[in-house]
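S.K.: structure for the following, please:
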Amino acid sequence: MQSDNVLMAKKLIADYPEVFESLLEFERTKKIPKLYRRKRLNITIDENTLRDFKSYCENRNINMSRLIERKITETMKH
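M.R.: Sure, this is the predicted structure:
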């Protein structure tokens with residue numbers, strides 16, 4: 001029978017594999033890698049929508065990518 005600590009550790013590894021991969025990379029290279037890498041996305045949207053969105057973000061000093069990322073996350077939670 002496994003202890004609660006072992007079960008918790010296995011759950012954490014399953015939930016956050018990128019953190020443990022980063023720790024293994026640190027052990028190997030002695031450098032801390034970025035935990036959360038960003039990926040470029042290629043999508044197609046209406047030109048007018050894009051123009052309006054760019055203007056909206058510029059006027060409010062908002063990072064477009066961060067806003068889109070936040071909205072995607074909010075959508076997936078619902």
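S.K.: which residue packs closest to Asn63, ignoring adjacent ones?
M.R.: Closest residue to Asn63 apart from its sequence neighbours, by CB to CB, 6 or more residues apart in numbering: Cys57 at 7.2 Å. For the C-beta atoms, the positions are set from N, CA and C on the backbone; glycine is no exception.
S.K.: for that neighbour, the count of nearby residues, please.
M.R.: For Cys57, the count of nearby residues is 16 (other CB atoms under 10 Å).
S.K.: buried residues in the helix or strand hosting it, which are they?
M.R.: Using DSSP states H and E, Cys57 sits within helix 47-60. Neighbour-count burial for helix 47-60, counted by 16 or more other CB atoms under 10 Å, picks out Phe53, Cys57.
S.K.: for stretch 63-76, same thing?
M.R.: Neighbour counts over stretch 63-76 (16+ other CB under 10 Å) mark no residue as buried.
S.K.: how about the CA coordinates for that stretch, as PDB?
M.R.: Provided in PDB are the C-alpha atoms of stretch 63-76 (Å, rounded to 0.1, in the frame of the first residue of the first chain):
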ATOM      1  CA  ASN A  63      -1.400  43.000 -25.100                       C
ATOM      2  CA  MET A  64      -3.500  41.400 -27.800                       C
ATOM      3  CA  SER A  65      -2.100  37.900 -27.200                       C
ATOM      4  CA  ARG A  66      -2.600  38.000 -23.500                       C
ATOM      5  CA  LEU A  67      -6.200  39.100 -23.900                       C
ATOM      6  CA  ILE A  68      -6.900  36.400 -26.400                       C
ATOM      7  CA  GLU A  69      -5.300  33.800 -24.200                       C
ATOM      8  CA  ARG A  70      -7.300  35.000 -21.200                       C
ATOM      9  CA  LYS A  71     -10.600  34.800 -23.100                       C
ATOM     10  CA  ILE A  72      -9.800  31.300 -24.400                       C
ATOM     11  CA  THR A  73      -9.100  30.200 -20.900                       C
ATOM     12  CA  GLU A  74     -12.400  31.800 -19.600                       C
ATOM     13  CA  THR A  75     -14.300  30.100 -22.400                       C
ATOM     14  CA  MET A  76     -12.900  26.700 -21.600                       C
END
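S.K.: tell me which residues of the helix or strand of the chain with the lowest mean pLDDT are tucked away?
M.R.: Counting by mean pLDDT, DSSP states H and E, the chain has its least confident helix or strand at helix 17-29, which shows a mean of 84. Neighbour-count burial for helix 17-29, with 16+ other CB under 10 Å as criterion, is recorded at Ser22.
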